[in-house]
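S.K.: generate coordinates for the sequence data below:
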Amino acid sequence: MSTSQEDPLEEFNLFAVERRLRQQTRPYTLAETRSMTDIPCGVYAIWTPTGYDELLECLYVGMSSVGVKGRLMQHLYNEPNLGLQQELRIFRDSVRFSFEFVATKEEAYELETEMIKRLGPRFNRNKIR
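M.R.: Residues are numbered from 1 along each chain as shown. Below is the predicted model:
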């Protein structure tokens with residue numbers, strides 16, 4: 001990534017990142033989350049089926065600068081967002097997640113902001129900037 005003071009997302013192809021987040025989903029289970037490599041900085045999305053074919057709705061987009069794996073584990077066990085907590089409980093067997101690793105905290109923050117704008121997750125309404 002760029003080390004200049006310019007836009008941290010300058011080298012990202014946001015369309016490609018969005019596409020990977022939509023297509024490279026995994027079952028949101030304890031076993032699957034534990035099996036992932038824990039690279040510190042990244043953005044993740046939590047998805048649920050819409051009921052139409054295999055389409056997924058984005059429920060939440062988040063970022064971590066200290067460990068994506070740990071942050072996903074927190075959502076599984078200690079979710080403060082009551083709406084997201086309810087979705088995770090009700091649709092436990094069909095919820096999925098995806099992630100994109102980045103190099104810095106600044107990139108994670110900027111990418112999270114862009115993905116919230118693009119994906120319109122239901123439980124990030126208060127984070128849309």
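
S.K.: can we go C-alpha only for contacts and neighbour counts from here?
M.R.: OK.

S.K.: where are the low-confidence patches of the protein?
M.R.: Counting by pLDDT under 70, the low-confidence segments of the chain come to 1-12, 125-129.

S.K.: residue 37 falls within a strand, correct?
M.R.: No: assigned with DSSP: H, G, I helix; E, B strand; the rest coil, residue 37 falls outside any strand and is coil.

S.K.: wait, what's in contact with the closest residue to it other than its chain neighbours?
M.R.: Closest residue in space to residue 37, ignoring its immediate chain neighbours: residue 69 at 7.4 Å, by Cα to Cα, 6 or more residues apart in numbering. With contact set as Cα atoms under 8 Å, 6 or more residues apart in numbering, residue 69 has these partners: 33-34, 36-39.

S.K.: cool, and residue 83?
M.R.: Residue 83 touches residue 123, counting by Cα under 8 Å, 6+ apart.

S.K.: backbone dihedrals for it, please?
M.R.: Per-residue torsions, residue 83: phi -60, psi -50 (degrees, to the nearest 10).

S.K.: distance of it from residue 39?
M.R.: Using Cα to Cα, to the nearest Å, residue 83 is found at 28 Å from residue 39.

S.K.: on that earlier part again, pull out the buried positions in the helix or strand where the residue nearest to residue 37 lies.
M.R.: Using DSSP states H and E, residue 69 sits in helix 68-77. Neighbour-count burial for helix 68-77 flags 68-70, 72-73, 76 (criterion: 16 or more other Cα atoms under 10 Å).
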